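Chemist: sequence unavailable; structure follows:
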């Protein structure tokens, strides 16, 4: 199991570029879902509504939320319960 705290901001930013993010991203909390391809934009929206307490605003989200997305994107075994608490 991967420790969620071991996932760095740099890894999260790289994930977004690998997804097809089409804008300059300097801070993980400044992610604009409109800059994601449609399938990732849709998943981002669905997850943000499901985990609304982890989301900072309607477009961007907290590091915890981004870590959940990272785990799903990479198919890694994270302690999702730890992140959600």
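Modeler: That came in fine, so what should we check first? Keep in mind the model is a prediction, meaning the values are calculated, not measured. Numbering: from 1, shown residues only.

Chemist: give me the low-pLDDT residue ranges for this protein?
Modeler: Confidence mapping of the chain against pLDDT under 70 gives the ranges 52-60.

Chemist: what segments of it are helices?
Modeler: Ranges of helices in the chain, per DSSP state H, are 9-19, 38-50, 63-74, 80-84.

Chemist: what packs against the second one?
Modeler: When contacts are defined as 3 or more C-beta pairs under 8 Å, 6 or more residues apart in numbering; DSSP states H and E, helix 38-50 sits against helix 63-74. (Glycine included, C-beta is placed from N, CA and C.)

Chemist: now do residue 2 against residue 77, distance only.
Modeler: Residue 2 is 6 Å from residue 77, where distance means C-beta to C-beta, to the nearest Å.

Chemist: if you count what's nearby, which of those two comes out ahead?
Modeler: Using other C-beta atoms under 10 Å, the more surrounded residue of residue 2 and residue 77 is residue 2, with 14 against 8.

Chemist: wait, that one sits on residue 71?
Modeler: Yes - here residue 2 reaches residue 71: they are 7.4 Å apart, a contact under C-beta atoms under 8 Å.

Chemist: what sits in contact with each of these two?
Modeler: By C-beta atoms under 8 Å, 6 or more residues apart in numbering, residue 2 and residue 71 have these common neighbours: 77, 78.

Chemist: wait, residue 28 touches residue 10, no?
Modeler: No - Residue 28 sits out of contact with residue 10 when judged by C-beta under 8 Å, with a separation of 9.4 Å.

Chemist: those two - which one has more neighbours?
Modeler: Applying other C-beta under 10 Å to residue 28 and residue 10 shows that residue 28 carries more neighbours, namely 21 against 9.

Chemist: one step back: adding distance to residue 32, write the helices of the chain out as TSV.
Modeler: Putting those into TSV (distance: least, C-beta to C-beta, whole Å) gives the following:
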stretch	distance to residue 32
helix 9-19	10
helix 38-50	10
helix 63-74	13
helix 80-84	22
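
Chemist: need the winner for burial among the ones you listed.
Modeler: The highest mean neighbour count among the helices of the chain, using mean count of other C-beta atoms under 10 Å, belongs to helix 63-74: a mean of 19.
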